[in-house]
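S.K.: mind looking at a prediction? Sequence and model below.
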4 protein chains.
Amino acid sequence: MKIMNFAASLRKDSFNRKMINQVVEILKSLPLIEIDHADFREFEMPIYDGDLEESSGIPHGGLKLIKRIQEANALIISTPEYNGGIPGSLKNAIDWVSRVDPIPFKDKPVLLLGATPGGLGTIRSLWHTRVPLEAIGAFVYPEMFGIPAANKAFDQEGKFINPEYKERLKNLISSYLRYASALIK
Amino acid sequence: MKIMNFAASLRKDSFNRKMINQVVEILKSLPLIEIDHADFREFEMPIYDGDLEESSGIPHGGLKLIKRIQEANALIISTPEYNGGIPGSLKNAIDWVSRVDPIPFKDKPVLLLGATPGGLGTIRSLWHTRVPLEAIGAFVYPEMFGIPAANKAFDQEGKFINPEYKERLKNLISSYLRYASALIK
Amino acid sequence: MKIMNFAASLRKDSFNRKMINQVVEILKSLPLIEIDHADFREFEMPIYDGDLEESSGIPHGGLKLIKRIQEANALIISTPEYNGGIPGSLKNAIDWVSRVDPIPFKDKPVLLLGATPGGLGTIRSLWHTRVPLEAIGAFVYPEMFGIPAANKAFDQEGKFINPEYKERLKNLISSYLRYASALIK
Amino acid sequence: MKIMNFAASLRKDSFNRKMINQVVEILKSLPLIEIDHADFREFEMPIYDGDLEESSGIPHGGLKLIKRIQEANALIISTPEYNGGIPGSLKNAIDWVSRVDPIPFKDKPVLLLGATPGGLGTIRSLWHTRVPLEAIGAFVYPEMFGIPAANKAFDQEGKFINPEYKERLKNLISSYLRYASALIK
């Protein structure tokens, strides 16, 4: 099973990048998992514009993201929360990706995670990120996990300071992989 | 009272642009209204990136949008629906605008409209666009108006074919202006 | 595979009841499906009240609903839309059901349908009904189907007047059953 | 200005009841405010049922709630969170209230508060309670305030242990009252 994962943040020191690194560490310890650890900056895209699409097609970064999603059996995405919802950057990527038929997210299992310095652990972003993904047919796992106070959650090596976080993430990934492998054709 | 308005679409032949043109026509017939009719393409912005912000500040297009919102007493925005929600482009603009303090949308009355060739009249986009705006303190008018089958809704001059649409928009704008003028300090 | 289904409406002539009857007709034509066709009125419940729960436990109607969900492998629910969202009646039932551990909806595939005399086909209700179900761990199928103008959608025998509706519902149920059977342990 | 307030919980020792008591204490210290401090249990209502409405009309408790909303200039409601959303009890009350024309919530300023023993401070409930209220025309104040860990938030006299909570609630009520008084006709 090939799991593509990325943090939906362009920032180099992003907490979500650290979160995804913890995910990768857990995935590496599991058998039969192929990991496609992507960097959101690989998928550079302009703002979606119907005229641009008509004149030049889907931009290079969008095509790259589409290919990577198509080749994956399942996805794990960690997203920040901007203004109580999905980051415009992630929504814009979804908007471009949705322009190919069939939409690459369709029937694809997705696990949503988040990390934020705020107190609510990206809960609003997680619930608003589900919506467009489900609207285009993704199987978004019901349980999600967002970390509050993310600026104090990781040590200097980028590992969780609180061992319960690691444990919870491990268990969540296990249940998600059972769900994903049941759904993969 | 100065009303800024724009269609949250970059496409030249956008239905939301036509919708906003109808709004402007109505506003022009009203006394004491100053109209700032903006084009979303004036506010060209890259995808939000915390590192970019730190190195170069808010981009030129974002600063321009911020200034125009600050100078307006109230806003009317017409938005497409992408994948069952707010367009990434509009959310990205909100994300950049929210980086100044105080956030320009705070305590600002906003009326949300929409237009789509689809059957549901952008209803999901309208409800998802409310959320980040309200999260940053905007007074979003409860009633909204989205037009389904927008590809058949306008004549060659860009006017509503169905006179009820014009009537409904007129009434909605009237109620909204009463609301907005009550809230303007 | 045992499929429990009900219309989340107490009204005898409810459009959602007609919708569910069409579902049952389709399910009957499929092999290996056991149908539990429930009536929401069987599950009479008071408004949730923590004190009542402490003094008298979960009410009889709630226990009955819990048992039926536990015994089912998958669910199909057709829901009205009240005031742009999930009916209080359905949410109240979910609130009572969620009081047993493990929550009966957890890991249970659910297909959401809707019917309304309004023009938007319960789209807002469908999306708001997903949320509490997913919050308690249900696998809600991404695609949903809501019928607008439901007062004109059924003939005197309660069958769809528009044959496309029957076709679309049939296809949706087929894909849903594939999803559900993959997820059933 | 007459402010009606209630906790959307039937439980006697409800944290939201304590929250509303703190609201009342603050309102009492303000000039020109008439307080209608309601108890949600006064508005006993069955589950909404279209047939029941047709045969017997709106139930007594519903009529009482309608009258109290009509007589108020503005409302303050504190709501629990059940299963990641609005309690069925509160949604059911809104569903009954919405059956009179004009809908009593229309053009009525509403401030939403919440309290929960959980860690997320009813944030999902607050955002889901906005939706049906705004769908029927209420002016819901953008800022909301939900208290996490509510089981440890109040002392034996029911006052906030953390003085910042009192301060924040005081400031929020002040801004809300400015908003409400601007909108009251």
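M.R.: Cool, got the structure.
S.K.: what does stretch A:69-77 contact?
M.R.: A:1-8, A:20, A:23, A:36, A:90, A:97, A:104-105, A:108-113, A:129, A:173, A:176-177, A:180, A:184 (C-beta atoms under 8 Å, 6 or more residues apart in numbering or on different chains). Heads up, the C-betas are built off the backbone N, CA and C, glycines and all.
S.K.: what residues does chain A have near chain C?
M.R.: A:127, A:130-131, A:134-140, A:142-143, A:179, A:182-183 (C-beta under 8 Å from any C-beta of the partner chain).
S.K.: how about 6 Å then?
M.R.: Applying C-beta under 6 Å from any C-beta of the partner chain, we find that chain A lies next to chain C at A:134, A:137, A:142, A:182-183.
S.K.: which elements pack onto the top helix by length along chain A?
M.R.: Assignment by DSSP state H gives helix A:163-183 as the longest helix of chain A. Applying 3 or more C-beta pairs under 6 Å, 6 or more residues apart in numbering or on different chains; DSSP states H and E, one finds that helix A:163-183 contacts strand A:109-115, helix C:163-183.
S.K.: still on that earlier bit, most widely separated two among the residues of chain A next to chain C?
M.R.: A:Glu134 and A:Ala182 (17.8 Å; C-beta to C-beta).
S.K.: and the two? Which one has more around it.
M.R.: More crowded of A:Glu134 and A:Ala182, by other C-beta atoms under 10 Å in any protein chain shown: A:Glu134, with 23 against 16.
S.K.: apart from its neighbours in sequence, what residue is nearest the more buried one?
M.R.: With sequence-adjacent residues excluded and distances taken as C-beta to C-beta, 6 or more residues apart in numbering or on different chains, A:Glu134 is closest to C:Pro142, at 4.4 Å.
S.K.: is it true that the one you found touches A:Gly137?
M.R.: Yes - judged on C-beta atoms under 6 Å, C:Pro142 makes contact with A:Gly137 at a distance of 5.0 Å.
S.K.: more crowded one of the two?
M.R.: Higher neighbour count among C:Pro142 and A:Gly137: C:Pro142, with 21 against 18, using other C-beta under 10 Å.
S.K.: quick check: pLDDT value at the more buried one.
M.R.: pLDDT recorded at C:Pro142 is 98.
S.K.: thinking again about what came up before, just the buried residues of the contacts of stretch A:69-77.
M.R.: Applying 16 or more other C-beta atoms under 10 Å in any protein chain shown to these, the neighbour count classes A:1, A:3-8, A:20, A:23, A:90, A:97, A:104-105, A:108-113, A:129, A:173, A:176-177, A:180 as buried.
S.K.: helix, strand or coil: sort out A:Pro31 for me.
M.R.: coil (DSSP: H, G, I helix; E, B strand; the rest coil).
S.K.: look up how far A:Trp96 lies from the most far-flung residue of chain A relative to its centre.
M.R.: Ranked by distance from the centre of chain A (C-alpha atoms, centre = their mean), the top residue is A:Ser55, with 29.5 Å. Computed with C-beta to C-beta, to the nearest Å, the distance linking A:Ser55 and A:Trp96 is 15 Å.
S.K.: again with A:Asn16
M.R.: 20 Å.
S.K.: these two: which is more packed in?
M.R.: Taking neighbours as other C-beta under 10 Å, A:Asn16 and A:Trp96 compare with A:Asn16 leading, 27 against 23.
S.K.: you'd agree the more buried one is up against A:Tyr82?
M.R.: No - in this structure A:Asn16 lies outside contact range of A:Tyr82 using C-beta under 6 Å: 11.7 Å.
S.K.: tell me if stretch A:98-118 is near chain B.
M.R.: Yes - Stretch A:98-118 reaches chain B (C-beta under 6 Å from any C-beta) through A:Ser98.
S.K.: other residues contacting that stretch?
M.R.: A:15-16, A:19, A:58, A:66, A:69-70, A:74-79, A:81, A:97, A:122, A:125-126, A:129, A:133, A:136-141, A:144-147, A:150-151, A:176, A:180, A:183, B:83 (C-beta atoms under 6 Å, 6 or more residues apart in numbering or on different chains).
S.K.: CA atoms only: put that stretch into PDB for me.
M.R.: Extracted as PDB, the C-alpha positions of stretch A:98-118 are listed here (Å, rounded to 0.1, in the frame of the first residue of the first chain):
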ATOM      1  CA  SER A  98     -10.500  18.700  -9.300                       C
ATOM      2  CA  ARG A  99     -10.200  19.800 -12.900                       C
ATOM      3  CA  VAL A 100      -9.200  16.400 -14.300                       C
ATOM      4  CA  ASP A 101     -11.700  13.600 -14.900                       C
ATOM      5  CA  PRO A 102     -12.000  11.300 -13.000                       C
ATOM      6  CA  ILE A 103     -11.100  13.500 -10.000                       C
ATOM      7  CA  PRO A 104      -8.000  11.900  -8.400                       C
ATOM      8  CA  PHE A 105      -9.400  12.200  -4.900                       C
ATOM      9  CA  LYS A 106     -12.400  10.100  -5.800                       C
ATOM     10  CA  ASP A 107     -12.700   6.800  -3.800                       C
ATOM     11  CA  LYS A 108      -9.300   7.600  -2.200                       C
ATOM     12  CA  PRO A 109      -9.000   7.200   1.600                       C
ATOM     13  CA  VAL A 110      -7.700  10.300   3.300                       C
ATOM     14  CA  LEU A 111      -6.600  10.900   6.900                       C
ATOM     15  CA  LEU A 112      -6.700  14.500   8.100                       C
ATOM     16  CA  LEU A 113      -4.300  15.800  10.800                       C
ATOM     17  CA  GLY A 114      -3.500  19.300  12.000                       C
ATOM     18  CA  ALA A 115      -1.200  21.400  14.200                       C
ATOM     19  CA  THR A 116      -1.600  24.900  15.400                       C
ATOM     20  CA  PRO A 117      -0.100  27.200  18.100                       C
ATOM     21  CA  GLY A 118      -3.700  28.000  19.000                       C
END
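S.K.: just the mean pLDDT for it, thanks.
M.R.: What stretch A:98-118 shows for mean pLDDT is 97.
S.K.: tell me which stretches of chain A form helices.
M.R.: Counting by DSSP H, chain A has helices at residues A:15-28, A:50-56, A:60-71, A:88-97, A:123-135, A:163-183.
S.K.: and chain A, which residues reach chain B?
M.R.: Counting by C-beta under 6 Å from any C-beta, the residues of chain A that sit close to chain B are A:10-12, A:47-51, A:82-85, A:88-89, A:91-92, A:94-95, A:98, A:131-132, A:135-136.
S.K.: against A:Phe139, how distant is the closest residue to A:Leu65 other than its chain neighbours?
M.R.: Sequence neighbours aside, A:Phe43 is the residue nearest to A:Leu65 in space, at 4.1 Å (criterion: C-beta to C-beta, 6+ apart). Relative to A:Phe139, A:Phe43 is positioned 22 Å away (C-beta to C-beta).
S.K.: more crowded one of these two?
M.R.: A:Phe139 (27 against 23).
S.K.: for the more buried one, give me its contacts.
M.R.: Counted by C-beta under 6 Å, 6+ apart, A:Phe139 has contacts A:109, A:183.
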